[in-house]
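Peer 1: Provide a 3D model corresponding to the input given below.
(4 chains)
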2 protein chains.
Amino acid sequence: MAHHPEDAARTRLIEAAGEIFAEQGYESATIREICARAGANVAAVNYHFRDKLGLYGAVIRHIAVNPDLPGSVSEDPEKALRGFISAMLGKLVLGGQGRQWHLRIMVHELARPSDGLPIIVEELIGPRYALLRSIISAIVHLPSDHDTVRLSAHSIIGQIAHYIHGRPVLGHVWPAMQFTPEQVEQVAGHIAEFSLAGLRKIAGTSKQ
Amino acid sequence: MAHHPEDAARTRLIEAAGEIFAEQGYESATIREICARAGANVAAVNYHFRDKLGLYGAVIRHIAVNPDLPGSVSEDPEKALRGFISAMLGKLVLGGQGRQWHLRIMVHELARPSDGLPIIVEELIGPRYALLRSIISAIVHLPSDHDTVRLSAHSIIGQIAHYIHGRPVLGHVWPAMQFTPEQVEQVAGHIAEFSLAGLRKIAGTSKQ
DNA sequence: GACATCCTAAAACACTTGTTTTAATCTGGT
DNA sequence: ACCAGATTAAAACAAGTGTTTTAGGATGTC
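Peer 2: Model (predicted):
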């Protein structure tokens, strides 16, 4: 079947699409821009992936192959939470070399869901949501599907996501925040300590 | 000039546009749908407001006339914070009768900024951001423009906003959350207590 | 070398968007 | 009743979108 060397065009399309989907989100990304970056014709995406949504799914499945999730919660759950927040925020705002745009795609889907939301939820959001809940569960000593654990998970995700898609607004109301690596670390530290205080209080009240 | 009774069409357009902008955001809202709901012709918006952005500005200026912000921080800042969160979340997710869609427009602009962002920041986001920071400032005993106060304000806003535009995702990962009035109150209470724990810890460490 | 198959290229299609044009209609003052 | 100006209505315009068509070129096989 693969008469060509590794289906070069198909691969280039997935890579280019991953970047552009991560930058602009599913709806705003245009097939023409993707094909231009991939050096391919507009018809190529329909030929290889049937339609735009098919390309989206291929991108997700392509990055779902090598996941970046730790297998289990670290021995120290508070340390694990700090790591989770810092890694997520770092990869998101500092871009990060290598094709790690899956997190950005995920956050885009949080803010403005598209037709591909079910795929994203299954492949990207679900696993991270479960991991975060298991970390929180270990901190507050409550089952992973307890309402309070879920609410806390959303509190943490909400804070992280806010710094991603709220960046243009931040530029207006807080011009000093330039998202330098040091500032990003400061933000991650704040979110972690802020949230840990909330979680410790929950742990305290639920133990009684 | 105003030969017509109160410029009926112009007013109807602003009201319909407010609703639709609040539902879908600036970009997704279409002039045709707005005019259909207002019972006006597509050319009316260009005649009365020059273009789509002009209509957007008129909507914002129209609601900026009667603000809903309390004049000053209450005597009890923790109570004020609880009220801020509860009121904001309630108006946002429960919709609320009366033209109170300005908050929803604001949150849309947080998630996906449009050309109208400067207007929204100046008229809507700015005042609320200042109010929230003054509340936090009173709790943590730090100046209103301190980095920690700003970070905390964004932590709280991020949590609230997350429950608005993340609703479709929540439907997937947490089907039990149906946003009934009781559940919304539960969420508001969680955000308030979670955040207050974080703020109290900041107050404690900064006092030393 | 001919052939079937996979892939690519250019153009057109169908649809939606904001915007503009052009003419018709209504309004109030004289 | 008439007229100037304000308002509305219908249609068309221009640009952008995803998608499809149609023909051409490349590649490995016999």
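Peer 1: low-confidence stretches in chain A?
Peer 2: Scanning chain A for pLDDT under 70 picks out A:1-6, A:66-72, A:74, A:96-99, A:207-208.
Peer 1: again, 50 this time
Peer 2: A:1-4 (pLDDT under 50).
Peer 1: the lengthiest helix in it - contacts with which helices or strands?
Peer 2: Assignment by DSSP state H gives helix A:181-207 as the longest helix of chain A. Contacts defined by 3 or more CB pairs under 8 Å, 6 or more residues apart in numbering or on different chains; DSSP states H and E place helix A:181-207 against helix A:77-93, helix A:126-140, helix A:147-165, helix B:147-165, helix B:181-207. Bear in mind the C-beta positions are built from the backbone N, C-alpha and C, glycine included.
Peer 1: in that helix, what's buried?
Peer 2: A:184, A:187-188, A:190-203 (16 or more other CB atoms under 10 Å in any protein chain shown).
Peer 1: run the chain-centre distance for it.
Peer 2: 20 Å (CA atoms, centre = their mean, to the nearest Å).
Peer 1: torsion angles phi and psi at A:Pro113?
Peer 2: phi -60, psi 150 (degrees, to the nearest 10).
Peer 1: which element is the residue most central in space within chain A on?
Peer 2: With distances taken as CA atoms, centre = their mean, A:Leu103 lies nearest the centre of chain A, 2.3 Å away. For A:Leu103, the host element (DSSP states H and E) is helix A:102-111.
Peer 1: helix or strand next in line after that helix, which one?
Peer 2: helix A:117-120.
Peer 1: domains of chain A?
Peer 2: Listed by automatic domain parsing, the domain ranges of chain A are A:5-63, A:77-207.
Peer 1: anything in stretch A:108-116 near DNA strand D?
Peer 2: No: remark: stretch A:108-116 sits outside contact range of DNA strand D, by CB under 7 Å from any atom of the strand, the gap being at least 9.5 Å.
Peer 1: list of residues touching that stretch?
Peer 2: Applying CB atoms under 8 Å, 6 or more residues apart in numbering or on different chains, the contact partners of stretch A:108-116 are A:21-22, A:24-27, A:53, A:56-57, A:60, A:117, A:120-121, A:125, A:157, A:161, A:165, B:111-112, B:162, B:165-166, B:168-169.
Peer 1: now do 6 Å
Peer 2: A:25-27, A:53, A:56, A:117, A:120, A:161, A:165, B:111-112, B:165-166, B:168-169 (CB atoms under 6 Å, 6 or more residues apart in numbering or on different chains).
Peer 1: which of the residues you listed are buried?
Peer 2: A:25-27, A:56, A:117, A:120, A:161, A:165, B:111-112, B:165-166, B:169.
Peer 1: need those residues in JSON lines (columns: distance to A:Leu131).
Peer 2: Output for the buried ones among the contacts of stretch A:108-116, formatted as JSON lines (distance: CB to CB, whole Å):
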{"residue": "A:Gly25", "distance to A:Leu131": "24"}
{"residue": "A:Tyr26", "distance to A:Leu131": "24"}
{"residue": "A:Glu27", "distance to A:Leu131": "28"}
{"residue": "A:Tyr56", "distance to A:Leu131": "24"}
{"residue": "A:Leu117", "distance to A:Leu131": "20"}
{"residue": "A:Ile120", "distance to A:Leu131": "16"}
{"residue": "A:Ala161", "distance to A:Leu131": "16"}
{"residue": "A:His165", "distance to A:Leu131": "22"}
{"residue": "B:Ala111", "distance to A:Leu131": "24"}
{"residue": "B:Arg112", "distance to A:Leu131": "27"}
{"residue": "B:His165", "distance to A:Leu131": "22"}
{"residue": "B:Gly166", "distance to A:Leu131": "18"}
{"residue": "B:Val169", "distance to A:Leu131": "16"}
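Peer 1: before we move on, back to that, tell me what angle the helix holding A:Leu103 forms with helix A:126-140.
Peer 2: For helix A:102-111 against helix A:126-140, the angle by axes from the mean of the first three to the mean of the last three CA atoms, to 10 degrees is 90 degrees.
Peer 1: show me which positions of helix A:102-111 end up buried.
Peer 2: A:His102, A:Leu103, A:Arg104, A:Ile105, A:Met106, A:Val107, A:His108, A:Glu109, A:Leu110, A:Ala111.
Peer 1: residues contacting A:Gly158?
Peer 2: Counting by CB under 6 Å, 6+ apart, A:Gly158 has contacts B:Gly158, B:Gln159, B:His162.
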